[in-house]
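# here is a sequence with its predicted model. Questions after.
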Amino acid sequence: MARVVVDVMLKPEILDPQGKAVHGALPRLGFGGISDVRQGKRFELEVEGEVTEERLAEVRQIAETLLSNPVIEDYAVRVEQ
Amino acid sequence: MRIGVVTFPGSLDDVDAQRAVRVAGGDPVALWHGDHDLQGVDAVVLPGGFSYGDYLRCGAIARFAPVMSEVVDAAHHGLPVLGICNGFQILCESHLLPGALVRNDHQRFVCRDQRLRIEDATSAWTGSYAAGQEIVVPLKNGEGGYVADEATLDALEGEGHVVARYLGGNPNGSLRDIAGIRNAAGNVVGLMPHPEHAVEDLCGPGTDGLGFFTSALRALVG
C-alpha cells in the first residue's frame, strides 16, 4: 500500500473568498506578517500494490475528471513516502 | 408536453419546478437520479438544491449520476434542458455549458428578489420573453459567482449566449453580471436565479418566472 496525495487549489486568477475570510481573521487573533491565504483541498488516495507510472497516470486522470474542475482549479499529484 | 424534473439526493426545488411546469400548462414527470431513463420526456429541468450535499464541488457528484448520461446525450441531440441554480452548476460540471460557479465574492449566502434583464429571447427557455425585457424572480445561492476565462466570456457575449444579466447590483460576484447562459444550439440553458418560485401571485414576487416554462412548451409545439 502506498499513499498518493492530490492537492487541488483554485487557479491564481480565481477569487478565493474562503481564503480571504481566513486571512481577515488572522490580525484579529494577533497574527501579523501574513500577506495572503489561499484555501485548497487535499485528497489522500490509498493505492493497492506498487505505484507504477501507469497507476500515477490513472490518479492524474482521477484528479482531472473528478477531484478538480480544470476550469477553476489546478491539481498536483505526489507519492507520499 | 411532458417535462421531466430530475430529483437528486439533496434536491430542494424539484417539487416547485414540477408545479411551475403544471402552471405553465405542461405535464411534469418526476425523474430519478439513479435511473438510466428519461421516460420519453420532451424536455428536462435540473432543479435547485444541494445535490449530494454539495460535497467535493457543487454539482460535481451529480454530474456522474446515472440519469445524467442520458441527459447529456439527449442534450447533444437537441433536448431542451434547463438547469436552475444547482442545476446550472451541474450543467457546467457536465461541460454542457462553459465556465463554472464559485463561492459568492462577499462570502455570504444571498436570498432576495432579483431584477434581471433577459438578454437573449431565442433559446428554448426564453422565447416567451422579449430581448431587453426586465423581470423579477427570487435568487438564493452561496456559490453563484459565474466565472470563465476572458476568451470564453467574450465568445458568450459575441455570440449572444448570455441569456440573463443581473440588474440593480451584482449579487454574487458573477463576471460581467451574468445570471444565465445558453449553449450554441439554444436548447441548453443554465440560470442561477429561480423562475420556478415566481409563477403564481399567491407567493413570490410575481409571475415573471413563468415565461421560462411556457417558452419550452412553445418551442416544443413549434
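Good, I have the coordinates.
# output the set of residues of chain B in proximity to chain A.
With C-beta under 8 Å from any C-beta of the partner chain as the criterion, chain B comes near chain A at residues B:56-57, B:60, B:64, B:92-93, B:98-100, B:102-107, B:145, B:147-148, B:173. Just so you know, the C-beta spots here come from the backbone N, C-alpha and C atoms, and that holds for glycine as well.
# ranges for the strands of the chain?
Chain wasn't specified; assuming chain A. Counting by DSSP state E, chain A has strands at residues A:2-10, A:40-47, A:73-80.
# chain B, not that one
Going by DSSP E, chain B shows strands at B:2-7, B:27-32, B:43-46, B:81-84, B:100-102, B:110-118, B:134-141, B:145-147, B:162-166, B:178-182, B:188-191.
# ranking these by burial, who's on top?
Mean neighbour counts were taken over those using mean count of other C-beta atoms under 10 Å in any protein chain shown, and the top value, a mean of 30, falls to strand B:81-84.
# in its sheet, what does that one sit against?
Applying DSSP bridges, strand B:81-84 is found paired with strand B:43-46 (parallel), strand B:188-191 (parallel).
# redo those strands as TSV? Include mean pLDDT and distance to A:Gly24.
Output for those, formatted as TSV (pLDDT from 0 to 100; distance: least, C-beta to C-beta, whole Å):
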stretch	mean pLDDT	distance to A:Gly24
strand B:43-46	98	35
strand B:188-191	98	31
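# want to throw these into a markdown table with distance to B:Val21?
Formatted as a markdown table, the strands paired with strand B:81-84 follow (distance: least, C-beta to C-beta, whole Å):
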| stretch | distance to B:Val21 |
| --- | --- |
| strand B:43-46 | 7 |
| strand B:188-191 | 15 |
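# tell me which of the strands of chain B sits nearest to A:Phe43.
strand B:100-102 (18.9 Å; C-beta to C-beta).
# partner strands of that closest one, parallel or antiparallel?
In the sheet, strand B:100-102 lines up with strand B:145-147 (antiparallel) (DSSP bridges).
# so how far is the strand it pairs with off the chain centroid?
14 Å (C-alpha atoms, centre = their mean, to the nearest Å).
# swap in stretch B:45-53?
On C-alpha atoms, centre = their mean, the centre of stretch B:45-53 falls 11 Å from that of its chain.
# from what I can see A:Asp7 touches A:Ser68, true?
No. Taking contacts as C-beta atoms under 8 Å, A:Asp7 lies outside contact range of A:Ser68: 9.5 Å.
# ok so, going back, just name the most buried of the strands of chain A.
strand A:2-10 (a mean of 18).
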